[in-house]
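> any chance you could fold what I've pasted below:
(one chain, ligands or ions: 2)
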Amino acid sequence: MMKKLIAFITLLLLSSILLPVQAEEKDTWEDEMIYFIMIDRFHNGNTSNDFEVDMNDPRAFHGGDIQGIIDKLDYIKDMGFTAIWLTPIVNNESKGYHGYWTEDFYEVEEHFGTLDEFKTLVQEAHDREIKIILDLVVNHTGYQHPWLQESEKQDWFHEDLPITNWDNQENVENGRLAGLPDLAQENPETRKYLLDMAKWWIEETDIDGYRLDTVKHVPKDFWEEFSKEVKSVKEDFFLIGEVWHNDPTYVADYAETGIDSFVDYPFFNEATRIFSKSDQEIGKYMEVVWKRNQNLYDNPYLLGNFIDNHDNKRFARLAIEKEQDPVTQLKQALTYMYTAPGIPIVYYGTEIAMDGGEDPDNRRMMEFEDHELVSYIASLSDIRKNYPALWKGDLEVLLDQNGMTIVKRTYEGDSLIIAINHTTSDQTVTFTHEQLKADLQLRPILENTTIIDDSDGYEISIPKETSEIYLVEEATKQTNAQLWIIVAAVVFVVGSITIYLFKKRKQN
Ligand SMILES: [Ca+2]
Ligand SMILES: [Ca+2]
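Ligands and ions are numbered 1, 2, ... in the order given. Now for the predicted structure:
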């Protein structure tokens, strides 16, 4: 009996050593970098679907399609993006180039291609380790949706009333946004249709996430059920919602529904504001947004940061209006976005400093060129990919003075220091050895700016209106010490041999 017990315990101990409990590897999306494409305005890869295309009308189809995106996947991959957010793919009514005017929830828009082409796109993207996030609209249909003519579908829509009071949640949820027929998600039939449809696209095409349109116009209890249902179809399916509101608490209230992340409008508002002038406290606002998000969200690292999107004037236009150089400004704002906590989202065209005013001017046809911002974004992506401090590290502001900002991001002892000089003069900052700890040194990894290492500390120089990212690493002084050990060892060995030979000779 005792022997058996000992054998059993031994076996148990052995099995616990040999078979360690495997920590479930869960892809949390924190490390993603998203490229946002408006399908019609990106790349025309198939001219045979170009009916009713009018390049002179900014509100007409311009010819971009699924094949065009497939053709440019390597271009997107080379900039370091790990996910693509696409505007809605579903069949739209006439002039619905943007995809938000659904005519059929289960069909692919003819201008964009076929369901098979879309499946190919998802497959080709996955082959390149790029995820596909599809924009989904469940709040409304297009103005002319066939259901409006069906007598048995009348209760699928809310009454034809406009949204007049934006502070009245009931009106925001049940009124017609821009006059669009508002779906009644509280009707069990309508609800089931929308949930089945959302699950069908995942099962059929293997997409990885949804960007949810007009979240605040649909009741929270719908989103609760929606989140549960779609996540039951595919593990780690990602939901990023659009709650277009300036109050961060209002946005965060939707996290209870199970939506993982939100496009961070409060971040966007601060980012565009602090880069509009040269003397703003950039570090302070990075910290303000971060602390607030830490208080509001379970995982604030999943929030989607952006400086450009399809509903606002492009960042380049804001710079031009302030008589700033758009490329210079974009480089700094992109550095800010890539190094602030959260997932960076780059809207197509930002990489060529595309100009554009209000919608639809901010949706011009993409032009592919060898632009310096393309390689700048690739460098930022590369740094973000290699250093988890940027996607899950903490944040400390080291300096914040009249537009000169230095912040530190640290994860498990590994640190990066980010310097943004948004002033009109060159800046020099010295870190004492005490500040940096004696055995550490800085290495520039973005722009290769100069560093002077002297007895007082490390002096970094940031030219006006540029940024730099420094890796905090172990000082090469240790390598020097190692070098001395090698020299000493060589001297010792040579000396020993000489003495040995000398003694041998003497013996002879
Ligand atoms: Ca086309
Ligand atoms: Ca609604």
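
> around ligand 2, which positions in the stretch 151-300 of the chain sit nearby?
Within the stretch 151-300 of the chain, the positions lying close to ligand 2 (Cβ under 5 Å from the ion) are 173, 182, 217. From N, CA and C alone the C-beta is placed, and that goes for glycine too.

> wait, what's in contact with the second one?
If I follow you right, that is residue 182. Shown in contact with residue 182 (Cβ atoms under 8 Å, 6 or more residues apart in numbering): 139-140, 157-158, 174-176, 217.

> next, the buried residues of stretch 51-67.
53, 58, 60-67 (16 or more other Cβ atoms under 10 Å).

> same thing with stretch 494-507?
Using 16+ other Cβ under 10 Å as the test for burial, stretch 494-507 gives no buried residues.

> just give me how far it sits from the chain centre.
68 Å (Cα atoms, centre = their mean, to the nearest Å).

> do stretch 372-382 as well
In terms of Cα atoms, centre = their mean, the centre of stretch 372-382 is found 14 Å from the chain centre.

> repeat for stretch 67-81
Between the centre of stretch 67-81 and the centre of its chain there are 16 Å (Cα atoms, centre = their mean).

> stretch 63-72 too?
For stretch 63-72 - counting by Cα atoms, centre = their mean - the centre lies 21 Å from the chain centre.

> next, see if it gets close to ligand 1.
Yes - for stretch 63-72, a contact with ligand 1 is found by Cβ under 5 Å from the ion, at 63, 65.

> how about the residues of this structure near ligand 2?
139, 173, 182, 217.

> so what's the residue count around the residue nearest to the third one when sequence neighbours are not counted?
Beyond its immediate neighbours in the sequence, the residue positioned closest to residue 182 (Cβ to Cβ, 6 or more residues apart in numbering) is residue 158, lying 4.3 Å away. A count of nearby residues for residue 158, using other Cβ atoms under 10 Å, gives 18.

> who touches residue 158 in this structure?
With Cβ under 8 Å, 6+ apart, residue 158 has these contacts: 174-176, 182-184.

> re the thing from before, check the residues of the chain next to ligand 2 against ligand 1, which are close?
Subset of the residues of the chain next to ligand 2 in contact with ligand 1: empty, counting by Cβ under 5 Å from the ion.

> and these, which of them are in helices?
residue 173 (DSSP state H).

> between the residues of the chain next to ligand 2, which is nearest residue 417?
Residue 417 has its nearest neighbour among the residues of the chain next to ligand 2 in residue 217, at 42.5 Å by Cβ to Cβ.

> ignoring the adjacent residues along the chain, who's closest to the closest one?
For residue 217, ignoring the flanking residues on the chain, the nearest one in space by Cβ to Cβ, 6+ apart is residue 139 at 4.5 Å.

> from residue 264, how far off is the nearest residue to residue 412 once chain neighbours are set aside?
Take residue 412 and drop its neighbours on the chain: the residue closest to it by Cβ to Cβ, 6+ apart is residue 388, 7.7 Å away. Counting by Cβ to Cβ, to the nearest Å, the separation of residue 388 from residue 264 is 20 Å.

> try residue 403
Using Cβ to Cβ, residue 403 is found at 23 Å from residue 264.

> before we move on, what about residue 402?
Taking Cβ to Cβ as the measure, residue 402 falls 26 Å from residue 264.

> over to residue 331?
Distance of residue 331 to residue 264, given as Cβ to Cβ: 21 Å.

> shaky segments in the chain?
By pLDDT under 70, the low-scoring segments of the chain are 1-27, 438, 476-484, 486, 508.

> longest helix of it?
Across the chain, the longest stretch assigned as helix under DSSP H is helix 477-507.

> hang on, residue 400 in a helix?
No - when classified by DSSP: H, G, I helix; E, B strand; the rest coil, residue 400 is found to be strand rather than part of a helix.

> that one against residue 280, yeah?
No - contact between residue 400 and residue 280 fails when scored by Cβ atoms under 8 Å: they sit 9.5 Å apart.

> nothing else from me, thank you.
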